[in-house]
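Q: attaching a predicted model along with its sequence, questions to come.
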Amino acid sequence: MVQAILRRLEVERATGLSRSTIYELMAVGGFPKPVPLTPRSVGWIEAEIVRWQRERIEARDKPRPRRPKGSPEREPASPRGAARRGLRSETQRAMRDSVSEIT
């Protein structure tokens, strides 16, 4: 069976993600890895991208557990704590959390 292979710009358009975000998600196991096409080019299998999109939609539609009354909305921001945990930004923390929800 022949499968369509998407190049990076097509993957960016299909997902709405930037190049750097795609590679950051791949590094933490939150996005399909590309297949080598030539020594200098890669592509993503379209079916894997579609599966990733479906997983994101399912994660969005899954009901989230409610917080107990009186609990804080979220942790206080601590840039030093984030750096100690190896996170460079709030964006990376959100990506890590969203990936863990799916897996």
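A: Okay, I see it.
Q: pLDDT-wise, which helix or strand of the protein ranks last?
A: Using mean pLDDT, DSSP states H and E, helix 79-84 stands out as the lowest-scoring helix or strand of the chain, at a mean of 58.
Q: what residues are up against Leu37?
A: Ile5, Gly43 (Cβ atoms under 8 Å, 6 or more residues apart in numbering). For glycine as for every other residue, the C-beta is placed from the backbone atoms N, C-alpha and C.
Q: would it count as being in a strand?
A: Yes: counting by DSSP: H, G, I helix; E, B strand; the rest coil, one finds Leu37 located in a strand.
Q: tell me how far it lies from Thr21.
A: If you measure Leu37 against Thr21 using Cβ to Cβ, to the nearest Å, the figure is 22 Å.
Q: now the lengthiest helix in the chain: buried residues?
A: Secondary structure of the chain per DSSP state H: the longest helix is helix 46-61. Neighbour-count burial for helix 46-61 flags Glu46, Glu48, Ile49, Trp52 (criterion: 16 or more other Cβ atoms under 10 Å).
Q: what's the closest of those residues to Pro68?
A: Using Cβ to Cβ, the shortest approach to Pro68 within the buried residues of helix 46-61 belongs to Trp52, at 32.7 Å.
Q: what sits against the closest one?
A: Taking Cβ under 8 Å, 6+ apart as the contact definition, Trp52 lies against Thr15, Phe31, Pro32.
Q: if we use 6 Å, what do you get?
A: Applying Cβ atoms under 6 Å, 6 or more residues apart in numbering to Trp52 gives the contacts Pro32.
Q: show the pLDDT at it.
A: Trp52 carries a pLDDT value of 97.
Q: how close does it get to Gly70?
A: From Trp52 across to Gly70, the span is 37 Å (Cβ to Cβ).
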